[in-house]
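Asker: no FASTA, just this:
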């Protein structure tokens with residue numbers, strides 16, 4: 001059961017936007033929103049109430065007024081009051097509004113809207129654009145004018161303070177006292193629920209609070225070269241596959257607008273040879289990754305940073321070079337981030353090179369600096385480049401090799417239609433496969449399929465991946481197989497059963513097979529906060545006060561567990577707010593049910609990204625699937641893009657990093 005308390009968010013003085021600007025703006029509000037959700041189970045097995053908090057954006061300005069103010073309404077989704085909505089005295093007027101569709105044109109005082117049943121016309125005066133963050137910022141920019149950047153910083157500061165861990169603890173206790181003051185709650189005839197103050201977990205009570213261990217990283221196949229941190233291990237030992245990696249002297253095509261050629265050449269030299277005087281990247285790409293050389297073939301072109309056609313011509317010219325290209329660097333600008341499809345130089349360049357089987361690494365010219373601090377982005381870039389070239393930078397040291405042949409699958413999907421209101425939505429199924437030491441084995445992407453055929457398409461990709469890994473790894477009839485699936489959404493029973501039946505057909509010759517289906521939820525209502533955490537000094541203040549460290553694991557039930565993956569050290573700024581833990585939910589069709597083992601493995605996989613040398617907020621099984629889905633969705637709107645290229649040469653490349 002979920003009860004949403006909207007009225008308390010509109011108390012006098014509660015508008016975060018008005019607080020930030022020192023004045024109210026008619027029709028624009030950012031209200032604190034609280035929710036109360038009753039749960040049948042919780043830590044230590046107790047049922048209870050989860051109190052949620054978030055900032056809610058409101059745009060209560062009709063579309064006709066927005067048009068007069070110069071706000072771009074075409075392309076946005078709009079809402080209108082629904083005749084079917086129930087109403088009662090004192091009801092929030094916005095609760096009566098329902099999504100109509102996407103605006104495709106403006107004709108006089110009417111909007112042409114693409115809805116689920118086709119195009120309809122509604123009066124602009126009776127429509128409101130969807131109050132998401134992007135739309136809110138667009139309207140705020142028009143309202144604030146030149147002061148927008150300053151006002152936005154002030155607003156984000158207020159929202160960050162509202163989401164702060166200390167504030168969450170204080171507000172939760174305050175709401176709890178109000179609810180407790182109501183006395184026992186009548187939940188059924190003759191049954192009352194008695195509530196208590198928010199649960200405080202103590203670390204000296206290990207029956208329900210666990211601390212997971214950070215992984216140790218390994219940099220050779222014998223497992224003798226190890227380090228606690230990926231980057232320092234790479235500096236000392238080089239990559240795991242240093243002896244077998246090829247090409248030892250890669251050739252990299254470089255595409256850059258001529259106006260930035262000089263600074264890019266300096267940047268490339270630092271990438272290859274290192275940053276003098278820096279402790280972060282002194283050796284450079286070649287020495288750090290134990291290569292013999294790295295050659296750049298530069299193509300400078302005349303054209304603006306937003307000229308996608310000029311970028312494409314330059315990419316085609318680079319591909320005509322005599323040298324065999326192993327990778328491409330494309331230098332773009334922050335000024336083109338808003339562009340999509342054929343108008344995006346980044347996407348057009350990526351499509352052009354990838355169509356020829358060449359992965360692409362992007363870098364924005366605004367991030368090029370003469371300061372020693374350039375060593376840090378170069379460190380991150382070098383890791384991703386080595387992985388995109390097909391290298392294996394590092395793996396996780398086995399804490400105890402499982403008896404079973406174990407594979408971990410990441411299951412994701414991409415919605416490949418631009419308009420979410422159009423019927424006949426099509427999906428792409430994505431499968432990534434990893435070894436138990438976290439090394440990436442292979443990925444596969446299904447052909448586009450209508451939603452009703454999506455399950456079959458996903459099973460086809462799974463069959464291909466499993467067959468390939470089984471044959472490549474040389475599984476024997478006496479082997480016992482364990483397959484662990486990290487999935488982005490809850491599996492239906494029939495979906496889990498279909499996977500089990502598929503695998504059973506491929507593993508008839510083995511000693512046995514067991515499954516674990518783990519739904520990884522990033523946006524659950526649960527929070528884990530630590531009142532004793534003092535935070536870490538950052539700039540003029542502290543970040544992460546009352547934020548729990550990485551690696552706390554709290555069971556919610558026999559099949560659910562919370563795991564903190566972002567602690568004070570992983571927060572980027574003091575304005576990031578309180579991070580949410582991951583919620584792991586084990587599907588009932590699972591035959592392997594050791595949730596402690598699964599939680600520890602998933603936690604280690606959050607430190608295994610070859611995209612950046614530090615932990616991420618998701619395990620790589622989910623992260624890589626999300627990256628593939630995001631890029632496929634964007635590339636689909638580039639003319640002549642053919643997703644079949646990811647089935648060929650790029651299938652073993654980490655092109656999506």
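Answerer: Looks like it arrived, so ask away. Computed from a predicted model, the values in this text were never measured in an experiment.

Asker: immediately after the worst-scoring helix or strand of the chain on mean pLDDT, which helix or strand?
Answerer: Least confident helix or strand of the chain, by mean pLDDT, DSSP states H and E, is strand 2-5 with a mean of 42. Downstream of strand 2-5, the first helix or strand assigned by DSSP states H and E is helix 16-21.

Asker: ok now do the closest residue to residue 301 other than its chain neighbours, which residues does it touch?
Answerer: Computed as C-beta to C-beta, 6 or more residues apart in numbering, the closest residue to residue 301 that is not its neighbour in sequence is residue 314, at 4.0 Å. Every residue, glycine included, has its C-beta placed from N, CA and C. Residue 314 makes contact with 255, 299, 300, 301, 303, according to C-beta atoms under 8 Å, 6 or more residues apart in numbering.

Asker: helix/strand/coil for residue 61?
Answerer: coil (DSSP: H, G, I helix; E, B strand; the rest coil).

Asker: Report pLDDT for the nearest residue to it once chain neighbours are set aside.
Answerer: Nearest non-adjacent residue to residue 61, counting by C-beta to C-beta, 6+ apart: residue 27, 3.7 Å away. At residue 27, the pLDDT value in this model is 89.

Asker: Can you report how many residues lie near residue 27?
Answerer: Neighbour count for residue 27, taken as other C-beta atoms under 10 Å: 15.

Asker: now do residue 364
Answerer: Neighbours of residue 364 using other C-beta under 10 Å come to 16.

Asker: now the helices for the stretch 151-300 of the chain?
Answerer: For the stretch 151-300 of the chain, the helices defined by DSSP state H, counting those that start in this stretch cover 165-180, 230-237, 261-273, 284-288.

Asker: Which of these sits closest to residue 329?
Answerer: helix 261-273 (7.7 Å; C-beta to C-beta).

Asker: Give me the distance between that closest one and the centre of its chain.
Answerer: Offset of helix 261-273 from its chain centre (C-alpha atoms, centre = their mean, to the nearest Å): 30 Å.

Asker: Just confirm residue 335 is within a helix.
Answerer: Yes - under three-state DSSP, residue 335 sits within a helix.

Asker: so what's it closest to, chain neighbours aside?
Answerer: Using C-beta to C-beta, 6+ apart, the nearest residue to residue 335 is residue 305, at 5.5 Å.

Asker: dump the residue contacts of that neighbour.
Answerer: 257, 332, 333, 335, 336, 345, 365.

Asker: Ramachandran angles for it?
Answerer: phi -70, psi -10 (degrees, to the nearest 10).

Asker: One more: residue 194?
Answerer: phi -100, psi 130.

Asker: swap in residue 392?
Answerer: phi -110, psi 100.

Asker: Would you enumerate the residues in contact with it?
Answerer: Counted by C-beta under 8 Å, 6+ apart, residue 392 has contacts 239, 240, 241, 245, 439, 440.

Asker: swap in residue 221?
Answerer: residue 240.

Asker: For residue 608, see how far away it is.
Answerer: Residue 221 sits 17 Å away from residue 608, going by C-beta to C-beta, to the nearest Å.

Asker: just residue 639 next, same as before
Answerer: Taking C-beta to C-beta, one finds residue 639 at 36 Å from residue 608.

Asker: quick one: the helix or strand containing residue 100 to chain centroid distance?
Answerer: Assessed by DSSP H and E, residue 100 sits inside strand 97-107. Computed by C-alpha atoms, centre = their mean, the chain-centroid distance of strand 97-107 equals 29 Å.

Asker: what about it, average pLDDT?
Answerer: Here the average pLDDT along strand 97-107 is 89.

Asker: strands paired with that strand, and their directions?
Answerer: strand 77-81 (antiparallel), strand 110-115 (antiparallel) (DSSP bridges).

Asker: Just the buried ones from the contacts of residue 392?
Answerer: Neighbour counting with 16 or more other C-beta atoms under 10 Å marks 239, 240, 241, 245, 439, 440 as buried within the contacts of residue 392.

Asker: need the contact list for the fourth one.
Answerer: The reference is to residue 245. Residue 245 neighbours (C-beta under 8 Å, 6+ apart): 239, 289, 290, 390, 391, 392.

Asker: pLDDT wise, what is it at?
Answerer: As predicted, residue 245 sits at a pLDDT of 93.

Asker: Could you report the separation of it from residue 612?
Answerer: In terms of C-beta to C-beta, residue 245 sits 20 Å off from residue 612.
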